[in-house]
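Novice: how would this look folded up:
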Amino acid sequence: MAVTRITLGHTTRREKLGAVLLLAFIALGGVLGGWVAGPLRYQVQADRLDLAPGSVGSPADHSAPEVSTLAEIEASERFILVNEEHGDWQRSTGGMIGDIYYNKVTLADGTVLAARVNLDAKKSEFILSEDMEALLQSYDHVLVTYPIGTLRPWPEGVEREAAAADWFTYRAGYLDMQGDFGVELPDKAELCRHSFLAGCAAGLVLGLIVTAALSLRGDRKERKASTPRNDVERWILGTYANWALFFGQLDYKGKLTNPSTVRSPLYFGGRVKDNDSRKFTIQTLKDSWDIKNLQELLETVEYMSRGPGLRNCGTQADRAWELCRSTQLLGMAYIAGWLSREEMVERSCAICRTIQETFHSWEEMAGSYVEGCVQWTLQSGLPMYRADMRREIHENLCRREDSPYRLPWNLPLRP
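Specialist: The predicted structure is shown next:
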C-alpha cells in the first residue's frame with residue numbers, strides 16, 4: 001500500500017506560504033481587473049461611440065449643408081435639416097418599428113420620413129403670426145433646426161415591419177439624426193465590478209496552478225534530499241529502516257496517524273527534509289533524548305557506538321539497539337539541519353562498519369534490533385501495539401523489493 005501523510009491539526013510551512021501566495025494572486029487579479037481592466041473596458045466601449053462635434057446626432061454647426069427637401073437630403077452624405085413645421089398634437093408624431101421608436105418628420109416638399117432624433121440637440125424657434133386667429137389654432141408654427149443627420153437603410157430584421165407602416169412615405173430607410181447620442185454609455189462601476197470578480201477568479205485559477213507547481217517542485221526537491229542515492233547510503237538507512245518507517249507514521253503531535261503498518265518510502269531520519277520535519281525532529285530529540293544541539297547528539301552517538309553504551313551490552317539485541325539507534329540519530333541530525341549529507345554519511349559509515357563486524361547478516365542484525373525494540377517497549381510501559389507494529393514493519397522490510405536488506409551484507413562502506 002502507498003502511504004498518505006496525514007497532518008490533521010497541523011498546517012505545514014509550505015501550506016501556509018501556498019495560502020499566502022494564492023491570496024496574493026487573487027488580490028492581484030482583483031486589482032488588475034477592477035482598477036486596470038475595468039476602466040480600460042469602459043474606455044474601449046466609450047471610444048466606439050462617436051460623440052464628437054460634427055458627428056451624426058451632434059448639434060447643428062457649419063460642418064454640413066442645410067437642407068429642407070428630400071432631393072437635398074439625398075444629395076448630401078451629412079446635412080442639417082432646417083424644417084418649418086406645424087405641430088398638431090392630435091395627429092401621429094411617430095411610431096414603433098421593431099423595438100425602436102421613430103419620430104415622424106414632414107419635409108417642405110411633403111415627404112414624410114421616419115427619423116431618430118437626438119432631442120437634446122434639436123432647436124425650435126416659434127414663428128409668430130400677425131393673425132390673432134391663427135395664434136388661437138391648436139397647433140404651433142415653428143422653425144426646427146435638427147441635429148446633424150444622414151440617411152440610413154433599415155436595420156436588419158425590421159424591413160418587413162417598416163414596409164407595412166403607413167405613417168411615412170419614404171420607404172428606402174430612415175433619417176438618422178441621433179447617431180451614438182442615443183446609445184446609453186456603459187456603466188463604469190458595473191464594468192469595474194465585473195472585471196474585479198473576473199480578475200479574482202483568474203487569479204484564483206492561476207494561483208492554484210502556480211502554487212501546485214511550486215509545491216510539486218518543492219516536494220520533489222525535498223524527497224530527493226531525503227532519499228538515498230547510492231548503495232552505501234541505502235545500506236546506512238537499512239540499519240534503522242524499521243525505526244524510519246515507524247517515525248514516518250507520526251503526525252506533528254507525535255501521535256500515530258495509523259496504528260497499523262503501511263508501506264512507505266524510506267527517508268533519512270524517517271522524514272522528508274523540509275522545514276516542518278526539521279522542527280519536529282528537533283523537538284523529538286529534545287523530548288525523547290534530551291538532546292538540544294549537535295554536540296550533545298554526537299556525544300550520545302559516541303557513547304552508544306563506541307563507549308560504555310556498547311561495551312556494557314550483554315546480548316546481540318542490546319548491541320543492535322545501541323548501534324542502530326546511533327545511525328538513526330545521525331540521520332535525525334541531517335534532517336534537523338545539524339549535519340550535512342556528506343558528514344552524516346561519513347560518520348554513519350564508521351558505525352556501519354562496526355555493525356558489519358558485530359553481526360553476520362541483515363537477518364541477524366534486523367532480528368536482533370526488533371528483539372531489542374520489544375524489550376525496550378515492555379520496559380518503558382508503552383502500548384504493545386507499538387511493538388507489534390515494529391514486528392510488522394520488519395516483515396514488510398524483508399518482503400519489499402526495494403528493501404535495503406537485499407544489499408550485500410559486506411558491502412564496502414566508504415563515503
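Novice: switch to C-alpha atoms for all contacts and neighbour counts from now on
Specialist: Fine.
Novice: is the closest residue to residue 383 other than its chain neighbours within a helix or a strand, and which one?
Specialist: Computed as CA to CA, 6 or more residues apart in numbering, the closest residue to residue 383 that is not its neighbour in sequence is residue 377, at 7.5 Å. Taking DSSP states H and E as the criterion, residue 377 maps to helix 362-380.
Novice: tell me the pLDDT of the residue nearest in space to the middle of the chain.
Specialist: Residue closest to the mean C-alpha point of the chain, counted by CA atoms, centre = their mean, is residue 207 at 2.5 Å. Note on residue 207: pLDDT of 84.
Novice: okay, now the nearest residue to it once chain neighbours are set aside: neighbour count?
Specialist: Closest residue to residue 207 apart from its sequence neighbours, by CA to CA, 6+ apart: residue 22 at 4.8 Å. By the criterion of other CA atoms under 10 Å, residue 22 has 21 neighbours.
Novice: what does residue 44 give?
Specialist: 11.
Novice: and the gap between the residue nearest to residue 383 and residue 371?
Specialist: 10 Å (CA to CA, to the nearest Å).
Novice: so these two - more neighbours on which side?
Specialist: Neighbour totals were compared for residue 377 and residue 371, and residue 371 leads with 20 against 16 (other CA under 10 Å).
Novice: the more buried one contacts residue 319, doesn't it?
Specialist: No. Using CA atoms under 8 Å, residue 371 is not in contact with residue 319; the gap is 10.8 Å.
Novice: flag the shaky bits of this protein, pLDDT-wise.
Specialist: Across the chain, the ranges flagged by pLDDT under 70 are 1-12, 87-92, 128-140, 251-263.
Novice: hey, where'd the strands end up in it?
Specialist: Remark: strands assigned in the chain by DSSP state E are 66-67, 79-88, 94-97, 100-106, 112-117, 123-126, 139-152, 174-177.
Novice: give me every residue that touches residue 291.
Specialist: By CA atoms under 8 Å, 6 or more residues apart in numbering, the residues touching residue 291 are 285, 297.
Novice: quick one: buried residues of the longest helix seen in the chain?
Specialist: The residue-count maximum for a helix in the chain (DSSP state H) belongs to helix 188-226. By 16 or more other CA atoms under 10 Å, the buried positions in helix 188-226 come out as 188, 191-204, 206-208, 210-211, 215, 219, 222-223, 225-226.
Novice: what of stretch 382-402?
Specialist: For stretch 382-402, by 16+ other CA under 10 Å, it's 386, 387, 388, 389, 390, 391, 392, 393, 394, 396, 397, 398.
Novice: from the chain's centroid, how far away is it?
Specialist: Computed by CA atoms, centre = their mean, to the nearest Å, the chain-centroid distance of stretch 382-402 equals 41 Å.
Novice: cool, and stretch 61-80?
Specialist: With CA atoms, centre = their mean, you get 58 Å for stretch 61-80.
Novice: what's the span of that stretch, first residue to last?
Specialist: First-to-last residue span, stretch 61-80, CA to CA: 8 Å.
Novice: tell me the contacts of residue 152?
Specialist: Contacts of residue 152 were listed using CA under 8 Å, 6+ apart, and they are 173, 174, 175, 176.
Novice: quick check, the third one in contact with residue 111.
Specialist: No. Here residue 175 does not reach residue 111: they are 11.9 Å apart, not a contact under CA under 8 Å.
Novice: of these two, give the one with the bigger neighbour count.
Specialist: Between residue 175 and residue 111, counted using other CA under 10 Å, the more crowded position is residue 175 (23 against 13).
Novice: which residue packs closest to that one, ignoring adjacent ones?
Specialist: Using CA to CA, 6+ apart, the closest residue to residue 175 is residue 115 (4.4 Å).
Novice: give me the buried subset of the contacts of residue 152.
Specialist: For these, a burial check counting by 16+ other CA under 10 Å picks out 173, 174, 175, 176.
Novice: in a markdown table: those, plus distance to residue 99.
Specialist: Shown next, in a markdown table, are the buried ones among the contacts of residue 152 (distance: CA to CA, whole Å):
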| residue | distance to residue 99 |
| --- | --- |
| 173 | 16 |
| 174 | 15 |
| 175 | 17 |
| 176 | 16 |
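Novice: sorry, back to before: I'd like to know how far the residue nearest to residue 207 sits from residue 32.
Specialist: The gap separating residue 22 from residue 32 is 15 Å, by CA to CA.
Novice: and if you look at residue 204?
Specialist: Taking CA to CA, one finds residue 204 at 13 Å from residue 32.
Novice: still on that earlier bit, isn't the residue nearest to the centre of the chain up against residue 29?
Specialist: No. Look at residue 207 against residue 29 with CA under 8 Å: they stay out of range, at 9.6 Å.
Novice: give me the common contacts of the two.
Specialist: Joint contacts of residue 207 and residue 29 (CA under 8 Å, 6+ apart) do not exist.
Novice: just to check, residue 31 is in contact with residue 199?
Specialist: Yes. Under the criterion of CA under 8 Å, residue 31 makes contact with residue 199 at 7.5 Å.
Novice: for residue 171, which non-adjacent residue is spatially closest?
Specialist: Excluding its sequence neighbours, the residue lying closest to residue 171 (CA to CA, 6+ apart) is residue 163, at 6.6 Å.
Novice: how deep is the one you found tucked in, by neighbour count?
Specialist: Neighbours of residue 163 (other CA under 10 Å): 16.
Novice: nothing else from me, thank you.
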